[in-house]
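Chemist: here's my sequence, what's the structure:
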Amino acid sequence: VQLAESGGGSVESGGSLRLSCSTSNYPHRSGWLAWFRQAPGKEREGIAASDYDDSATYVDAVKGRFTISRAENTLYLQMNSLKTEDTAMYYCAKTEYCGLSKITPSPFAAWGQGTQVTVSS
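Modeler: Model prediction:
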């Protein structure tokens, strides 16, 4: 087990969910922790990332609705005002690379198994 997500589920549009990711195997002393999602037939996209100093960055699609945070050995993603287009498998990931300018999968070496989020209208 590397990283382990939990907290996914089914919710109606406008609802909220909080995802958790256990990072105990990867002390966050450098690099970035991030959340990605992948919808059926689409590429995996990075949506939020937090560096070891807790500076956060978001893609426009979730900015203002999602919040990434960290407490001890757990990474969280608070998702509010969920939309049907947020339906996807959500993954947490970690990279030791410090020069992240865009949340893309390639620098991330450690991944969780994913947790499904389904938003219905």
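
Chemist: distance of the spatially most central residue of the chain relative to residue 60?
Modeler: Geometric centre of the chain, nearest residue: residue 35, 1.8 Å, by CA atoms, centre = their mean. Residue 35 sits 15 Å away from residue 60, taking CB to CB, to the nearest Å as the criterion. All C-beta atoms are positioned from the backbone trio N, CA, C, and that covers glycine.

Chemist: then residue 14?
Modeler: 20 Å.

Chemist: okay, the two: which has more neighbours?
Modeler: Taking neighbours as other CB atoms under 10 Å, residue 14 and residue 60 compare with residue 14 leading, 11 against 7.

Chemist: does that one touch residue 81 like I think?
Modeler: Yes: at 6.2 Å, residue 14 and residue 81 qualify as touching, with contact defined as CB atoms under 8 Å.

Chemist: C-terminal to the strand or helix carrying residue 34, what's the next element?
Modeler: Using DSSP states H and E, residue 34 sits in strand 32-38. Moving toward the C-terminus from strand 32-38, the next helix or strand (DSSP H and E) is strand 45-51.
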